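**Student:** no FASTA, just this:
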Ligand SMILES: [Zn+2]
């Protein structure tokens, strides 16, 4: 009962008598802001224009560049094949690719990729060289620390020996001990000097 009433009131509204009922707002949009693509192609920008979300009138150069390389009908075909969630990325890459092709008509994007690959290779070589230098410096440092420790030990045993001379009477056994100690220290130090 109620729904029928609503239908009859809707049907009897003054707008329903016109011959094309579903477009009361769309013509206004066309007049207000055709997308950059439609403006450049000089065509009517429909409400469901597939290009409008990605080529706003504020950035006309985006469409000019992509259009120059791919052509409008190809861009439309590409976009129609893709789900809406992937269209923005596709437009970004098309504009980038077209820009690269215009800047470098021979290699296009491949030229940019090759340059970047070369830079990566150079930086990786530089990194490997620096890492080898760091390892080398760490080895030198640990060698130096070991050397200092051994020199300090040698100095200490020498001091001990001298103080033992002063406090006790030097005996043959002390002399022998000192001699043996230094021999063993020298044999430890020797490989570091070479
Ligand atoms: Zn449009």
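**Tutor:** Great, that's in hand. Keep in mind it's a predicted model, so treat the numbers as computed, not measured.
**Student:** spell out which residues of this protein are next to the ion.
**Tutor:** 35, 38, 45, 49, 51-52 (C-beta under 5 Å from the ion). Any C-beta I mention is one placed from the backbone N, CA and C, and that applies to glycine too.
**Student:** give me the domain ranges for this protein.
**Tutor:** 22-103, 114-193 (automatic domain parsing).
**Student:** can you tell me which two in the residues of the chain next to the ion are farthest apart?
**Tutor:** 45 and 51 (8.2 Å; C-beta to C-beta).
**Student:** shared neighbours, the two?
**Tutor:** The overlap between the contact sets of residue 45 and residue 51 (C-beta atoms under 8 Å, 6 or more residues apart in numbering) consists of 35, 37-38.
**Student:** and which of those residues is nearest to residue 66?
**Tutor:** Out of the shared contacts of residue 45 and residue 51, the member with the shortest distance to residue 66 (by C-beta to C-beta) is residue 37, at 8.8 Å.
**Student:** which stretch of helix or strand covers that closest one?
**Tutor:** Here residue 37, judged by DSSP states H and E, is contained in helix 36-41.
**Student:** check which element follows that helix along the chain.
**Tutor:** Using DSSP H and E, the helix or strand that follows helix 36-41 in sequence is helix 60-70.
**Student:** what sits up against the helix or strand following that next one?
**Tutor:** Sequence-wise, the next helix or strand downstream of helix 60-70 (DSSP H and E) is helix 72-81. Defining contact as C-beta under 8 Å, 6+ apart, one finds that helix 72-81 is touched by 37, 41, 50-51, 54, 66-67, 70, 87, 90-91, 94.
**Student:** name the residues of the helix or strand following helix 72-81 that come out as buried.
**Tutor:** Sequence-wise, the next helix or strand downstream of helix 72-81 (DSSP H and E) is helix 84-103. Residues of helix 84-103 classed as buried by neighbour count (16 or more other C-beta atoms under 10 Å): 87, 91, 94-95, 97-101.
**Student:** how about stretch 34-46?
**Tutor:** Here stretch 34-46 shows 34-38, 40-41, 45 as buried, counting by 16+ other C-beta under 10 Å.
**Student:** report the two of those separated the most.
**Tutor:** 40 and 45 (10.9 Å).
**Student:** and the longest helix that the chain contains with helix 84-103, angle?
**Tutor:** Identified as the longest helix of the chain according to DSSP state H is helix 109-167. Computed by axes from the mean of the first three to the mean of the last three C-alpha atoms, to 10 degrees, the angle separating helix 109-167 from helix 84-103 equals 90 degrees.
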